[in-house]
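K.L.:
would you be able to build a 3D model of this:
(2 chains)
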Amino acid sequence: GDSVTQMEGPVTLSEEAFLTINCTYTATGYPSLFWYVQYPGEGLQLLLKATKADDKGSNKGFEATYRKETTSFHLEKGSVQVSDSAVYFCALRKTGGFKTIFGAGTRLFVKA
Amino acid sequence: DTAVSQTPKYLVTQMGNDKSIKCEQNLGHDTMYWYKQDSKKFLKIMFSYNNKELIINETVPNRFSPKSPDKAHLNLHINSLELGDSAVYFCASSQQPSGNTGELFFGEGSRLTVL
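P.N.:
Numbers count the residues shown, from 1 in each chain, chains lettered A, B, ... in the order given. Sure, this is the predicted structure:
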């Protein structure tokens, strides 16, 4: 079945460090790929998305590129801030489908 | 205006009790969901309704019963609560039809603690 695997956390970085959170997926067809972020005490919110191969999603300095050849959608940010501390979820959804499949989440701590 | 709102935000109750969580969305979306998030932050889909019709019903004990009186509301009723039901329950909505990426809009969550 379809699945999403992302790197285990927690990831602890100093402010202004480079961030990568790895995400790979298994799916038939051509799913849309998402990164959601959950700040402490809040619900998830969409961070960025990509709908086809080689698309790059970007938002708030975060980027991820849909790589069909490696079935990956790694999240990157060049310089993290303390306010980026949160749990990040990689997810996929088949176009027209109703089910979004989430990875296990990666907790990020950024120290000042 | 909150797009997806759920109540109550916190719920503390005894084992064996029955409780409900309510969800409303004002985004005009066709599809609504209930997700359960455990203490390790793992998210599991429980139910989904599209235009008041149940379309996803994952392996969930039948003590859990969703109800959608209209497409803007999706409630979750839980009978005979057990310790393992303690979790954060998230309501979400998305827009279909086919062709849309179906990104999810989440409520703030309802933290259920069963003692």
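K.L.:
how about stretch B:35-51 and chain A, touching?
P.N.:
Yes. With CB under 8 Å from any CB of the partner chain as the measure, stretch B:35-51 is seen reaching chain A through B:K40, B:K41, B:F42, B:L43, B:I45, B:S48, B:N50. (C-beta placed from N, C-alpha, C; glycine too.)
K.L.:
reformat these into a markdown table and put neighbour count next to each item.
P.N.:
What follows is the residues of stretch B:35-51 next to chain A, written out as a markdown table (neighbours: other CB atoms under 10 Å in any protein chain shown):
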| residue | neighbour count |
| --- | --- |
| B:K40 | 8 |
| B:K41 | 16 |
| B:F42 | 14 |
| B:L43 | 23 |
| B:I45 | 20 |
| B:S48 | 25 |
| B:N50 | 19 |
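K.L.:
now A:Y39: phi and psi?
P.N.:
A:Y39 adopts backbone torsions of phi -80, psi 160, taken as degrees, to the nearest 10.
K.L.:
that one: neighbouring residues, count only.
P.N.:
A count of neighbours around A:Y39, defined by other CB atoms under 10 Å in any protein chain shown, yields 13.
K.L.:
now B:V114
P.N.:
For B:V114, the neighbour count with other CB under 10 Å is 19.
K.L.:
am I right that A:T28 sits in a strand?
P.N.:
No. Membership of A:T28 in a strand is not supported by DSSP: H, G, I helix; E, B strand; the rest coil, which gives coil.
K.L.:
give me the pLDDT for it.
P.N.:
The score at A:T28 is 85. That number is its pLDDT.
K.L.:
and residue 12, what are its bridge partners?
P.N.:
Reading this off chain A. In this entry, A:T12 is beta-bridged to A:F109, by DSSP bridges.
K.L.:
that answer is for a different chain, and I need it for chain B
P.N.:
Here B:V12, judged by DSSP bridges, has bridge partners B:T113.
K.L.:
could you do B:S94 as well?
P.N.:
B:S94 has these beta-bridge partners by DSSP bridges: B:T31.
K.L.:
list the contacts of it.
P.N.:
Contact partners of B:S94, counting by CB atoms under 8 Å, 6 or more residues apart in numbering or on different chains, are A:T100, B:H29, B:D30, B:T31, B:Y33, B:N100, B:G102, B:E103, B:L104, B:F105.
K.L.:
much appreciated, bye for now.
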